[in-house]
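Colleague: Quick one, structure for this:
(one chain, ligands or ions: 3)
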Amino acid sequence: MDLIKSLCTGCGYCVLICPYDALKTDGWAEVIPQNCTDCNLCVYACPSDCFVPDAPLKPYRPRIADYYDVSIIGSGIGGLMAGAALAQAGYSVAVFEKLGFPGGRYTEIDYKGAAVTTGAWTNLGPNSHIGRFLADLQIKLDYASLKAVGLTEQYSVRFPDGRRYDSLFDLVSGAGRKAWLKAILNGKRQTETGDNALDQISAADYVAAFSDDPNLLAAVDAIAATASGLSSRAMPASEYIQITLDGRTAGQEFAMPAGGVRSIVKALVTSLRQAGGALFVRSPIAAIGVEAGRATGVQLADGRRVRSRFVLHNGGPRAFVNLVGPANLPANYVARLTNLKGVECAALFCATREPLFTEAPITMTPQCRRVVGIFSPTRLDPSLAKNDLHLFDAFFPTYSDDRSAELALALADLRDLFPHFDDVLEWSVPMFFTGSWPGAETGQTFGQTGSNRLDPVTPIENCFLVGMDVKGSGVAGDLIPLGVRQVLSCIIDGILP
Ligand SMILES: Cc1cc2nc3c(=O)[nH]c(=O)nc-3n(C[C@H](O)[C@H](O)[C@H](O)COP(=O)(O)OP(=O)(O)OC[C@H]3O[C@@H](n4cnc5c(N)ncnc54)[C@H](O)[C@@H]3O)c2cc1C
Ligand code: SF4
Ligand code: SF4
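Modeller: Residues are numbered from 1 along each chain as shown. Ligands and ions are numbered 1, 2, ... in the order given. Model prediction:
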């Protein structure tokens, strides 16, 4: 198996998928030839088409009808939510997924007996937007909640200089807390009146106008960074306010789906299929058909065409331009989509023999070189790892193209935060969401949220965007249902804005 290193964005999916330990990564994946059995599983795990098999792949041609009411490109959480809802509403639906597994950045892959996330840690539990969307589809999930494991706090805080706080509130003084509450409530009122000014101010500047307590500003920075990978200087105040309110709504009900976020993906796929819809994995779409400004269907990479009344794209805005063809789109729209900026971020997923921390499932780590927050899925659901291991996902924004250097800085942070880190580490996998990766957290930066949000309705008639890039303001993937609901109202109720 050959690997085109220059295409590798460092996501680590191939390492997780390979059953023979024939791949390793320090930010760039590498094949270990003596272990490789040419099983080709990595070919269907790589979003960036890095792998070149030694022999031609066996043709994979699932039976696909030549017409579906709705074709959906991509089985990320946005594509699957839209697919399941439309199938339940009586539409014939086909979801086409390029990779060998559904869920995109919102699922887990089994690796060395542990469930390793492809991106997302969790939604915020039954009270989250995703939780409510699932309830509307009559999908019931079990949650691993704070309460069930005897915890009261979502977050604890650790500084690299050794300071520790068991909750965010312990970190901030009484005066700081009052100022914080005032900032959030004032901001909420301001945005509710339709005033868009907070889309243009950074969270850091906005909160600093209420208080100069350095611990408060560290807490704001930690919340912004753990929720999105952005510093509070790069995050719009409106987005920060929404994220904070989302966290408060989840409150004591904060939870992750038992079994990890893939429980959501599995439930959506089941719901899609039970309602007559189809999911085709290993089925990349190469083009969206357009005639006279209207979507006519999709063309698979193997050349087959599928006609459809509606086409939903879940593969990111830049890919949308390529699939439709820039000539079919207004020039200013092409410019807007191709210039959207994703957050460059990474995670170091670790399995340890002893827990790194236990006081809350998330530890925020302000003032580190790179690491901004660490989530422990096994703190809420120990069944996610076998052999009594504990799982920790350390999240960090990246600031250079040198992934090895970025990883070294993140490791140095972990050693400062947890002096016993190297003694208890069993294994780790770095996962980079950088470079040509389709916008790790696109719908979160200035110019992309609030009043500047990208609309799911595209200039192509009957063609819509679903997913992260057209989410509402607030916690990462959990706001995707808002964009999906908008698309559903266009299709099912025929309501176009
Ligand atoms: C490190 C990290 C941590 C995160 N943590 C959280 C978190 O804790 N909570 C949270 O809510 N969110 C989190 N997020 C964000 C969340 O993962 C994303 O918002 C969400 O998963 C994006 O879903 P999506 O529907 O946009 O699709 P994606 O997950 O991007 O999926 C798109 C799918 O489309 C497929 N595709 C693309 N092109 C084609 C094509 N041409 N043909 C067929 N298929 C195609 C892809 O293979 C992919 O499966 C995190 C993200 C990252 C990177
Ligand atoms: S072909 Fe199979 S064994 Fe070889 S690197 Fe890819 S997944 Fe691993
Ligand atoms: S882009 Fe991801 S899946 Fe592809 S080779 Fe690199 S690390 Fe592996």
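
Colleague: Give me the distance between T117 and E354.
Modeller: Distance from T117 to E354, counting by CB to CB, to the nearest Å: 21 Å. Every C-beta, even on glycine, is put in place using the N, C-alpha and C of the backbone.

Colleague: Tell me which of those two has more neighbours.
Modeller: T117 (25 against 14; other CB atoms under 10 Å).

Colleague: In this structure the more buried one contacts S376, no?
Modeller: No. With contacts counted by CB atoms under 8 Å, T117 stays clear of S376, the gap being 12.0 Å.

Colleague: Now do the shared contacts for those two.
Modeller: D393 (CB atoms under 8 Å, 6 or more residues apart in numbering).

Colleague: Pop the domain breakdown of this protein in here.
Modeller: 2-52, 67-106+263-341+440-492 (automatic domain parsing).

Colleague: Can you tell me which of those is most buried?
Modeller: A comparison of the domains of the chain by mean neighbour count, using mean count of other CB atoms under 10 Å, puts domain 67-106+263-341+440-492 on top with a mean of 21.

Colleague: From one end of it to the other, what's the distance?
Modeller: Taking CA to CA, to the nearest Å, domain 67-106+263-341+440-492 runs 18 Å from one end to the other.

Colleague: same deal with stretch 299-317?
Modeller: Start and end residues of stretch 299-317 are separated by 18 Å (CA to CA).

Colleague: now that stretch: how far from the chain's centre is it?
Modeller: Counting by CA atoms, centre = their mean, to the nearest Å, stretch 299-317 is centred 22 Å from the centre of its parent chain.

Colleague: and it, anywhere near ligand 1?
Modeller: Yes. Legend: contact between stretch 299-317 and ligand 1 by CB under 6 Å from any ligand atom is shown at 314-315.

Colleague: Point out where this structure drops to low pLDDT.
Modeller: Within the chain, the ranges that satisfy pLDDT under 70 run 251-252, 438-442, 496-497.

Colleague: what's the longest helix in it?
Modeller: Assignment by DSSP state H gives helix 174-192 as the longest helix of the chain.

Colleague: Buried by neighbour count: which residues of the helix or strand that comes right after it qualify?
Modeller: Later in the chain than helix 174-192, the nearest helix or strand by DSSP states H and E is helix 203-208. Neighbour-count burial for helix 203-208, counted by 16 or more other CB atoms under 10 Å, picks out 203-204, 206-208.

Colleague: again with stretch 207-226
Modeller: In terms of neighbour count (16+ other CB under 10 Å), stretch 207-226 has its buried residues at 207-208, 210-211, 213, 215-226.

Colleague: Pull the residues that contact it.
Modeller: 155, 157, 159, 168, 171-173, 175-177, 179-180, 182-183, 203-204, 230-232, 235, 237, 240, 243-244, 247, 362, 364-367, 372-373, 395, 397.

Colleague: again, but for stretch 362-373
Modeller: 121, 154-161, 168, 218-219, 221-223, 225-226, 229, 348, 356-357, 374-376, 394-398, 406, 409-410, 412-414, 416-417.

Colleague: go on, stretch 398-406?
Modeller: Taking CB under 8 Å, 6+ apart as the rule, stretch 398-406 contacts 10, 26-28, 344-346, 370, 396, 430, 432, 434-435.

Colleague: ok, which of those also contact ligand 1?
Modeller: The residues of these that also fall near ligand 1, by CB under 6 Å from any ligand atom, are C345.

Colleague: among the contacts of stretch 398-406, which are in strands?
Modeller: Counting by DSSP state E, the part of the contacts of stretch 398-406 found in strands is 345-346, 396, 430, 432.

Colleague: Surely E344 and T445 touch.
Modeller: No. E344 lies out of contact with T445 (CB under 8 Å); the separation is 11.0 Å.

Colleague: And the nearest residue to D26 once chain neighbours are set aside, how far from D213?
Modeller: Distances taken as CB to CB, 6 or more residues apart in numbering put S404 closest to D26, at 5.4 Å, once the chain neighbours are dropped. From S404 across to D213, the span is 37 Å (CB to CB).

Colleague: Please list only the buried members of the contacts of stretch 362-373.
Modeller: Buried, going by 16+ other CB under 10 Å: 121, 154-160, 168, 218-219, 221-223, 225-226, 229, 348, 356-357, 374-376, 394-398, 406, 409-410, 413-414, 416-417, out of the contacts of stretch 362-373.

Colleague: how many neighbours does whichever residue of the stretch 101-250 of the chain sits closest to ligand 3 have?
Modeller: Closest residue of the stretch 101-250 of the chain to ligand 3, CB to the nearest ligand atom: T118 (10.2 Å). If you count neighbours by other CB under 10 Å, T118 ends up with 25.

Colleague: got it, and the one 5 residues further on?
Modeller: By the other CB under 10 Å criterion, the neighbourhood of N123 contains 31 residues.

Colleague: wait, it sits on R132?
Modeller: No. Between N123 and R132 there is no contact under CB under 8 Å: 10.1 Å.
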